[in-house]
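>>> Predicted model and sequence follow; I will ask about them next.
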Amino acid sequence: MLWVALLGCVAVAGAALALVVSPWWWCAGGPLTALLVLAVWDLVQRRHSVLRNYPVLGHLRFALEGIRPELQQYFVERNVDGRPFDRDTRSIVYERAKGTDAEEPFGTEQDLYATGSEFLVPSMAPHPVRTDVPRVRVGGPDCGQPYEMALLNVSAMSFGSLSSNAILALNTGAALGGFAHDTGEGGLSEYHLRPGGDLVWEIGTGYFGCRTEQGGFDPAMFADKAAHEQVRCVSLKLSQGAKPGIGGVLPGAKVNAEIAQVRGVPQGKTVISPPYHQVFSTPRELVAFVARMRELSGGKPTGFKLCVGSRSQFLAVCKAMLDEGVTPDFIIVDGAEGGTGAAPLEFADNLGMPLTDGLTTVHQALLGTGLRDRIKIGASGKVATGSDLVKRLLQGADYTNAARAMMFAVGCIQAQRCHTNTCPVGVTTQDPRRARALDVGDKSRRVQRFQEATVKSALQIMASMGVDEPSDLAPHMLRRRIDPVTIRSYTELYPPLAPGELIHQAPESWAADWKAADPDRFTV
């Protein structure tokens with residue numbers, strides 16, 4: 001190419017001048033010579049067509065592509081445009097975590113007339129904001145050690161996916177604020193236990209922390225760890241929002257000696273959790289295993305987490321509960337919009353119900369089968385503000401969990417490098433140099449302040465709606481614009497079932513799914 005030849009001539013001239021006239025000419029000749037070598041390499045390499053046609057200059061394209069998320073986040077997107085979380089949402093989390101004002105001047109930037117926009121219904125007679133913080137008793141009739149759950153808790157994030165300092169900060173914040181911390185499926189580590197915060201111990205398909213050498217479930221090991229005083233609840237993970245129906249992967253680069261010991265796996269080897277459980281294969285077996293977990297834990301609240309896909313499959317689990325006379329103490333509904341780590345794009349974008357639909361499905365199914373009063377429902381999926389919390393409560397949840405918002409509270413900047421071990425702020429990495437950037441003392445206070453301020457915001461919103469108790473929130477208090485001139489309440493969009501209605505006479509909209517539900521098979 002002409003300009004490469006010209007670069008070669010200039011580089012040769014610079015080198016000649018450096019040899020003949022003055023060594024100072026190497027300041028120009030050296031870089032030019034290096035660029036010439038790079039240009040020649042680009043021309044002869046066969047991997048990148050762009051570089052063969054545009055030697056040297058083509059590297060600018062790859063450099064800009066590498067910093068595209070940062071350019072988009074800091075210079076292009078508006079406050080309400082960012083994904084997965086827009087700048088307004090991230091900012092409110094950061095401000096509450098720091099203990100500063102989280103207020104917006106000059107009105108909303110949202111398009112309130114856009115299809116899909118929602119609003120909560122304020123009362124003409126607001127109530128005083130209650131000063132005590134309500135809690136939710138989790139524990140059905142078969143539970144011997146009920147737990148008082150906060151309205152907002154730390155959602156499932158494993159040690160291994162998160163750094164030791166991030167886990168320490170989250171659990172210390174939970175201990176300071178009196179709320180629960182879900183361990184994720186990566187096992188119980190000293191970083192979960194050291195600060196003293198309440199734990200929901202999650203068991204996934206890999207059975208980490210209670211795993212046999214062959215990768216199966218070890219009941220004795222489970223019972224021993226579940227007996228720990230900090231373990232207040234145990235949860236069986238069926239699926240998660242970011243990737244329902246697929247197992248988890250922890251790259252071998254992250255599996256150091258410490259993580260290997262916690263999980264009971266070989267050091268340095270990629271850890272793959274299978275997409276299915278070995279301990280059950282039918283709804284009836286699932287219900288029986290939940291009961292076994294509760295027994296092994298000494299009667300602690302026991303439940304399961306899932307991202308809902310098929311309504312008939314969940315109804316099959318409800319039928320199994322009715323047949324066996326056994327219910328979990330809680331069910332955590334994870335929305336398809338959830339996900340703190342990495343997942344295949346096709347799964348993240350295309351599988352599972354969003355939280356609103358999944359939560360409503362579970363709530364209505366439990367109502368319709370007469371089981372709702374025995375089971376508490378937790379909601380997890382982009383809960384970051386007080387309004388998010390209130391919306392989930394009125395859609396059927398008893399309490400909520402937050403993962404990415406808690407990550408923001410400990411310093412996450414949404415760099416979306418969670419799976420690369422190169423997190424710039426030390427949250428999702430096992431690189432000690434990067435993890436040390438996260439100061440546990442400072443970030444734990446931020447976690448506590450964020451949770452406290454968000455719950456307080458939710459109580460203020462409830463008071464403005466004329467509601468004192470979370471249980472008094474109802475779907476008709478949330479409205480959605482379904483076209484430019486039509487607004488519907490959630491009661492109209494999701495007609496409620498009466499207690500036991502599915503058993504006695506399933507309405508037409510549920511009849512086919514109720515008929516298809518089989519407690520002895522998972523059928524779509």
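That came through fine. Numbers count the residues shown, from 1 in each chain.

>>> Next one: the nearest residue to residue 265 once chain neighbours are set aside relative to residue 252, how far apart?
Leaving aside its sequence neighbours, residue 265 sits nearest to residue 271 (CB to CB, 6 or more residues apart in numbering; 5.1 Å). The C-beta positions use only the backbone N, C-alpha and C, and glycine is treated the same way. Remark: distance between residue 271 and residue 252 (CB to CB, to the nearest Å) = 8 Å.

>>> So which bits of stretch 504-515 are buried?
506, 510, 513-514 (16 or more other CB atoms under 10 Å).

>>> Need those in a markdown table (columns: distance to residue 182 and secondary structure).
Output for the buried residues of stretch 504-515, formatted as a markdown table (distance: CB to CB, whole Å; DSSP: H, G, I helix; E, B strand; the rest coil):
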| residue | distance to residue 182 | secondary structure |
| --- | --- | --- |
| 506 | 34 | coil |
| 510 | 31 | helix |
| 513 | 30 | helix |
| 514 | 32 | helix |
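
>>> Out of those, which comes closest to residue 333?
Closest approach between these and residue 333, by CB to CB: residue 513, at 17.1 Å.

>>> Kindly state the pLDDT recorded for the closest one?
The model reports residue 513 with a pLDDT of 95.

>>> count of residues packed around the residue lying closest to it once chain neighbours are set aside?
Leaving aside its sequence neighbours, residue 513 sits nearest to residue 312 (CB to CB, 6+ apart; 4.2 Å). For residue 312, the neighbour count with other CB atoms under 10 Å is 18.

>>> sec struct for residue 312, please.
With DSSP: H, G, I helix; E, B strand; the rest coil as the basis, residue 312 sits in helix.

>>> if I look at it, how far off is residue 57?
57 Å.

>>> one step back: residue 271 and residue 252: which is more packed in?
Between residue 271 and residue 252, residue 271 has the larger neighbour count (other CB under 10 Å), namely 22 against 13.

>>> Beta-bridge partners for that one, please?
residue 250 (DSSP bridges).

>>> could you point out which element follows the helix or strand harbouring residue 43?
Following DSSP states H and E, one finds residue 43 within helix 26-44. Remark: after helix 26-44, the chain's next helix or strand is helix 49-53, criterion DSSP H and E.

>>> Give me the residues contacting that next one.
Here helix 49-53 makes contact (CB atoms under 8 Å, 6 or more residues apart in numbering) with 42-43, 45-46, 58-59, 61.

>>> and residue 384, how many neighbours?
Neighbours around residue 384, by other CB under 10 Å: 23.

>>> Please name the nearest non-neighbouring residue to residue 424.
Nearest non-adjacent residue to residue 424 (CB to CB, 6+ apart): residue 415, at 5.4 Å.

>>> Reduced to three states, what does that neighbour come out as?
Residue 415 ends up coil, using three-state DSSP.

>>> Looking at residue 272 now. What's its pLDDT?
76.

>>> Please apply the same query to residue 438.
The model's pLDDT for residue 438 equals 88.

>>> again, but for the one 10 residues further on
Residue 448 carries a pLDDT value of 97.

>>> My reading is that it lies in a helix. Confirm?
Yes. Residue 448 forms part of a helix when assessed by three-state DSSP.

>>> tell me the contacts of it?
173-174, 176-177.

>>> Out of the residues you listed, name the ones that lie in helices.
Among the contacts of residue 448, the members falling in helices (DSSP state H) are 173-174, 176-177.

>>> for the stretch 301-450 of the chain, which spans come out with low pLDDT?
338-350 (pLDDT under 70).

>>> quick one: the strands in it?
302-306, 330-334, 376-380, 399-402 (DSSP state E, counting those that start in this stretch).

>>> try the stretch 51-200 of the chain
118-120, 136-138, 147-149, 152-154, 181-182, 199-203.

>>> picking that back up, from residue 322, how far off is the residue nearest to residue 265?
37 Å.

>>> same thing with residue 225?
Counting by CB to CB, the gap from residue 225 to residue 322 is 32 Å.

>>> contacting residues for residue 158?
Residue 158 touches 183-187, 208, 250, counting by CB under 8 Å, 6+ apart.

>>> how about CSV for these, with distance to residue 155, neighbour count and pLDDT added?
Formatted as CSV, the contacts of residue 158 follow (distance: CB to CB, whole Å; neighbours: other CB atoms under 10 Å; pLDDT from 0 to 100):
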residue, distance to residue 155, neighbour count, pLDDT
183, 11, 28, 95
184, 8, 29, 90
185, 12, 27, 89
186, 14, 27, 88
187, 17, 27, 90
208, 17, 28, 92
250, 18, 24, 69
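
>>> hang on, the earlier thing: format the strands of the stretch 51-200 of the chain as JSON lines; extra columns: mean neighbour count and mean pLDDT.
Below are the strands of the stretch 51-200 of the chain laid out as JSON lines (neighbours: other CB atoms under 10 Å; pLDDT from 0 to 100):
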{"stretch": "strand 118-120", "mean neighbour count": "15", "mean pLDDT": "95"}
{"stretch": "strand 136-138", "mean neighbour count": "19", "mean pLDDT": "97"}
{"stretch": "strand 147-149", "mean neighbour count": "20", "mean pLDDT": "98"}
{"stretch": "strand 152-154", "mean neighbour count": "27", "mean pLDDT": "97"}
{"stretch": "strand 181-182", "mean neighbour count": "28", "mean pLDDT": "98"}
{"stretch": "strand 199-203", "mean neighbour count": "26", "mean pLDDT": "97"}
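
>>> Sketch out the low-pLDDT regions of the stretch 101-250 of the chain for me.
Counting by pLDDT under 70, the ranges of the stretch 101-250 of the chain that qualify are 102-107, 241-245, 248, 250.

>>> Could I get the full set of helices for it?
164-177, 190-193, 219-226 (DSSP state H, counting those that start in this stretch).

>>> May I see the buried residues of the shortest one?
The neighbour-count check on helix 190-193 (16+ other CB under 10 Å) flags 191-193 as buried.

>>> residues near the closest residue to residue 291 other than its chain neighbours, how many?
Leaving aside its sequence neighbours, residue 291 sits nearest to residue 326 (CB to CB, 6+ apart; 4.7 Å). Neighbours of residue 326 under the rule other CB under 10 Å: 18.

>>> ok, now residue 318?
Residue 318: 25 neighbours (other CB under 10 Å).

>>> from the buried residues of stretch 504-515, which is closest to residue 336?
Residue 336 has its nearest neighbour among the buried residues of stretch 504-515 in residue 513, at 19.0 Å by CB to CB.

>>> Thought residue 316 was touching that closest one, still the case?
No. Under the criterion of CB atoms under 8 Å, residue 513 is not in contact with residue 316, lying 9.5 Å apart.

>>> re earlier: spatially, which two of the contacts of helix 49-53 are the most separated?
46 and 61 (17.7 Å).

>>> Which one's more surrounded, the two?
residue 61 (13 against 7).

>>> could you measure the more buried one against residue 266, distance?
40 Å.

>>> Relative to the whole chain's centre, how far out is stretch 477-493?
Chain-centre distance of stretch 477-493: 28 Å, with CA atoms, centre = their mean, to the nearest Å.
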